[in-house]
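**Q** build me a model:
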Amino acid sequence: KKSNDTTGFKIRRITIFIIIVLCDVIVYFQRSCSTVLADDMAKSYGVDPSKIGIFSSLFYYPYSILQPFSGLLADVVEPSYLISGSTILAAIGAFICGISKNLFVGYIGRFIVGIGSALVYCPANRIQMNWFPLKDYAKVSGVFLFVAGCGALFAQAPLALLAEAIGWRWCFYIISISACILSILTLLFVRGNPVSYGYYPVNELLAEDTS
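**A** Below is the predicted model:
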């Protein structure tokens, strides 16, 4: 039996949107944070700051390679599971970066962050397409990208001030804790399709539930 509770549906839809966009905020933040923390990290590792450039680039290799698979998986696997699993993996990578005593271990953590960050955006797009009318998709996607992009802004001056106050390692720990919390919230409160909660499909052509 399908539910006609429009108020409950709208509240759940907004809640889902907020959670998934915050997951992507973490992605943008992690993508940019190493630039601001480079000098502190190089000093702590005892290496030339240019070596941190390699650290930064290790995010992009797995991220780029996994993007096509991210889109394919979002069509056949429950998108919220992908986002939750990826976000917790990125959290693990950030934690490894924080505890690393040498650059090689930092490289491993950064690479894991790239893997975890790769499977967030496409599943989030799939969720938006299922929960919002297709005629509103461009507007919803625009708002999503604007808010998610703020993660890169937070990874600039605010991160520099935070690192000065608590140290670069604790910055990674905070990122890791935040990502863990968002992963749990995604698993508990997000589903890729309204029909999973007993609502009518928003877009009939996308009514199939892949969960």
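**Q** the residue nearest to D39 when sequence neighbours are not counted in helix, strand or coil?
**A** Distance criterion Cβ to Cβ, 6 or more residues apart in numbering; nearest residue to D39, sequence neighbours excluded, is P49 at 5.9 Å. C-betas here are computed from N, CA, C, even on glycine. Under the three-state scheme (DSSP: H, G, I helix; E, B strand; the rest coil), P49 adopts coil.
**Q** same thing with Y61?
**A** Once three-state DSSP is applied, Y61 turns out helix.
**Q** got a list of what A152 touches?
**A** 28-29, 31-32 (Cβ atoms under 8 Å, 6 or more residues apart in numbering).
**Q** which one of these has the most neighbours?
**A** Counting neighbours by other Cβ atoms under 10 Å, F29 leads the contacts of A152 with 25 neighbours.
**Q** give the contact list for that one.
**A** 151-152, 154-155, 159, 175 are the contacts of F29 under Cβ under 8 Å, 6+ apart.
**Q** and the host helix or strand of it, what's its mean pLDDT?
**A** For F29, the host element (DSSP states H and E) is helix 6-45. The average of the pLDDT scores along helix 6-45 is 94.
**Q** that one: what's the following helix or strand?
**A** Sequence order places helix 51-57 as the next helix or strand after helix 6-45, per DSSP H and E.
**Q** for the nearest residue to Y45 once chain neighbours are set aside, give its distance to G53.
**A** Nearest residue to Y45, sequence neighbours excluded (Cβ to Cβ, 6+ apart): L103, at 4.7 Å. For L103, the distance to G53 equals 11 Å [Cβ to Cβ, to the nearest Å].
**Q** ok, P133 next?
**A** Taking Cβ to Cβ, one finds P133 at 44 Å from G53.
**Q** hmm, M129 is touching Y137, no?
**A** Yes: counting by Cβ atoms under 8 Å, Y137 is a contact partner of M129 at 6.2 Å.
**Q** the two: who's more crowded?
**A** M129 (21 against 14).
**Q** may I have the helix or strand containing that one as PDB, with CA atoms only?
**A** According to DSSP H and E, M129 maps onto helix 121-131. Provided in PDB are the C-alpha atoms of helix 121-131 (Å, rounded to 0.1, in the frame of the first residue of the first chain):
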ATOM      1  CA  TYR A 121      28.500  12.000  -6.700                       C
ATOM      2  CA  CYS A 122      26.900   9.700  -9.200                       C
ATOM      3  CA  PRO A 123      24.800   7.800  -6.600                       C
ATOM      4  CA  ALA A 124      23.700  11.200  -5.200                       C
ATOM      5  CA  ASN A 125      22.600  12.200  -8.700                       C
ATOM      6  CA  ARG A 126      20.600   9.000  -9.000                       C
ATOM      7  CA  ILE A 127      18.900   9.800  -5.600                       C
ATOM      8  CA  GLN A 128      18.000  13.300  -6.700                       C
ATOM      9  CA  MET A 129      16.500  12.000  -9.900                       C
ATOM     10  CA  ASN A 130      14.300   9.500  -8.000                       C
ATOM     11  CA  TRP A 131      13.100  11.900  -5.300                       C
END
